[in-house]
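Engineer: 3D, please:
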Amino acid sequence: MANFGPKDIKNLRETTNAGMMDCKKALTETDGDFDAAIAWLREKGLGAAAKKASKVAAEGVVTVQADDNKAVIIEINSQTDFVAQNDTFKKVVAKIAAHALDNNLADAEAINNSVIDGQPFSEYLSLQIATIGENLVVRRAGMINAADETVAINGYVHANNRVAVLLAAKCEDKTIADKIKAELKNVAMHAAAMNPRTLSYKDFDPSFVQDETAGRIEKVKKENEELARLGKPLKNVPQYVSRLQITDEILAEAKKAIEAELQAEGKPEKIWDKIVPGKLDRYIADNTLLDQELALLDQNYVLDDSMTVGQFIDKVSGGKATLTDFIRLEVGEGIEVAEEDFAAEVAKQMA
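Structural biologist: As a prediction, the model looks like this:
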């Protein structure tokens, strides 16, 4: 006679999130011993997870959790978007994010090597894999900590939970930090949409800039061919693509060339100081296409494209705040998923 009843099955299911039939079998195998049944389910879950571990998990969600002085951003992958919308999966994501925030786990490695609910995180995740039925991966994570009340932190998670951004700004005082916090959410929304890869052009590797230069210059030339065909004004062909390449000497030479141009046009020298700065800004803009595409501070702000993101932060803070941290995660970035030929797969199984 079984030493358990429906109430025991219900309690085991609520404790482990395992399926009802699995809970019944666990209690049957362990003669109603509740703790032994949990252990049985754990072993079953580890075995099931091991079988699923080779499955590519390229779907999933990104999430952000924050308290008064820090915030964490995490990408957790599943195999299918269907599972990513599952309430059980969402609860797992929320629990992992809260665990990371509460325990100051600043990256995916720290999360995966942590202890949660008194057990190794790997075992906890394996049980969730067995329950949900797909491979799950805590792939990437980041954390921003505020050293004091002069640091403002805010973030944004897009409605589809596939893109999230965290930002921090160092401010002159708490008043400025409180004011900037709301603006950071708008800038985070900009970053979610415009996909910058780094905070500033200063973060670029010089070799990356060099590799990008020729191709981007050639792209402008190709665009000019089409503009010429349409009878439209041509773009200035750049010599460089990043501020990283433009030295003080290069700027000095550009200024001389502008002044020579003004002189050739017969412009009075007394008004040059009103013309040169604007032309020099245009020269820099023409020669920093890489920065404008990939560096957040140098992108034109989507809510006011008359200024860059950096200029916007200066404007709203009165020059008393500086963006210092930027993390953007998008589900599945960089994961290669093999294309499956469904017909060939079916034929293979029928052979």
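Engineer: now do the contacts for the closest residue to residue 105 other than its chain neighbours.
Structural biologist: Excluding its sequence neighbours, the residue lying closest to residue 105 (CB to CB, 6 or more residues apart in numbering) is residue 111, at 4.7 Å. C-betas here are computed from N, CA, C, even on glycine. Residue 111 makes contacts with 74, 96, 99-100, 105, 121, 138, 141, as judged by CB atoms under 8 Å, 6 or more residues apart in numbering.
Engineer: highest neighbour count among the residues you listed?
Structural biologist: The residue in the contacts of residue 111 with the most neighbours, by other CB atoms under 10 Å, is residue 74 (28 neighbours).
Engineer: summarise which helices and strands the strand or helix carrying that residue is packed against.
Structural biologist: Using DSSP states H and E, residue 74 falls within strand 70-78. The contact analysis (3 or more CB pairs under 8 Å, 6 or more residues apart in numbering; DSSP states H and E) places strand 70-78 against strand 59-66, helix 87-102, helix 108-112, strand 137-145, strand 151-157, strand 163-171, strand 321-330.
Engineer: which stretches of the stretch 151-300 of the chain form helices?
Structural biologist: 174-194, 206-230, 248-264, 272-286, 289-294 (DSSP state H, counting those that start in this stretch).
Engineer: right, so those helices: which one is the most enclosed?
Structural biologist: Most buried of these by mean neighbour count (mean count of other CB atoms under 10 Å) is helix 289-294; its value is a mean of 20.
Engineer: now do the strand holding residue 74 against strand 59-66, angle only.
Structural biologist: Counting by axes from the mean of the first three to the mean of the last three CA atoms, to 10 degrees, strand 70-78 lies at 170 degrees to strand 59-66.
Engineer: each with direction, which strands does strand 70-78 pair with?
Structural biologist: Partner strands for strand 70-78, per DSSP bridges, with pairing direction: strand 59-66 (antiparallel), strand 137-145 (antiparallel).
Engineer: out of those, deepest packed?
Structural biologist: A comparison of the strands paired with strand 70-78 by mean neighbour count, using mean count of other CB under 10 Å, puts strand 59-66 on top with a mean of 23.
Engineer: need the contact partners of it.
Structural biologist: The contact list for strand 59-66 (CB under 8 Å, 6+ apart) reads 71-81, 83-84, 89-90, 93-94, 97-98, 100-101, 136-137, 139, 153, 155-157, 161-164, 166, 329-332.
Engineer: now residue 183. Nearest residue, chain neighbours left out?
Structural biologist: residue 316 (5.2 Å).
Engineer: do residue 165 as well
Structural biologist: residue 188 (4.0 Å).
Engineer: again, but for residue 201
Structural biologist: Per CB to CB, 6+ apart, closest to residue 201 is residue 291, 4.2 Å.
Engineer: again, but for residue 330
Structural biologist: In space, residue 330 is closest to residue 163, 4.8 Å off (CB to CB, 6+ apart).
Engineer: any idea how far residue 194 is from that neighbour?
Structural biologist: Using CB to CB, to the nearest Å, one gets 11 Å for the distance from residue 163 to residue 194.
Engineer: domain ranges for this protein, per the record?
Structural biologist: The chain breaks down by automatic domain parsing into domains covering 6-52, 59-194, 201-314.
Engineer: quick check: residue 105 touching residue 121?
Structural biologist: No: look at residue 105 against residue 121 with CB atoms under 8 Å: they stay out of range, at 9.3 Å.
Engineer: find residues that contact each of these two.
Structural biologist: Contacts common to residue 105 and residue 121, judged by CB under 8 Å, 6+ apart, are 111, 114.
Engineer: what bits of the stretch 201-350 of the chain have low per-residue confidence?
Structural biologist: Residues of the stretch 201-350 of the chain that meet the criterion pLDDT under 70 lie in 336-350.
Engineer: give me the residues contacting stretch 268-281.
Structural biologist: Contacts of stretch 268-281 (CB under 8 Å, 6+ apart): 251, 254-255, 258-259, 262-263, 267.
Engineer: picking up where we left off before, output the strands paired with strand 70-78 as TSV; include the columns mean pLDDT and distance to residue 275.
Structural biologist: Shown next, in TSV, are the strands paired with strand 70-78 (pLDDT from 0 to 100; distance: least, CB to CB, whole Å):
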stretch	mean pLDDT	distance to residue 275
strand 59-66	94	46
strand 137-145	96	43
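Engineer: out of those strands, which gets nearest to residue 213?
Structural biologist: strand 137-145 (29.5 Å; CB to CB).
Engineer: output that closest one as PDB, restricted to C-alpha atoms.
Structural biologist: Extracted C-alpha coordinates of strand 137-145, given in PDB (Å, rounded to 0.1, in the frame of the first residue of the first chain):
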ATOM      1  CA  VAL A 137      21.900  28.500 -20.400                       C
ATOM      2  CA  VAL A 138      22.800  31.500 -18.300                       C
ATOM      3  CA  ARG A 139      25.000  32.900 -21.000                       C
ATOM      4  CA  ARG A 140      25.900  36.500 -20.200                       C
ATOM      5  CA  ALA A 141      25.500  38.900 -17.400                       C
ATOM      6  CA  GLY A 142      26.800  42.200 -16.100                       C
ATOM      7  CA  MET A 143      26.400  44.300 -13.000                       C
ATOM      8  CA  ILE A 144      26.800  48.000 -12.300                       C
ATOM      9  CA  ASN A 145      27.400  49.200  -8.800                       C
END
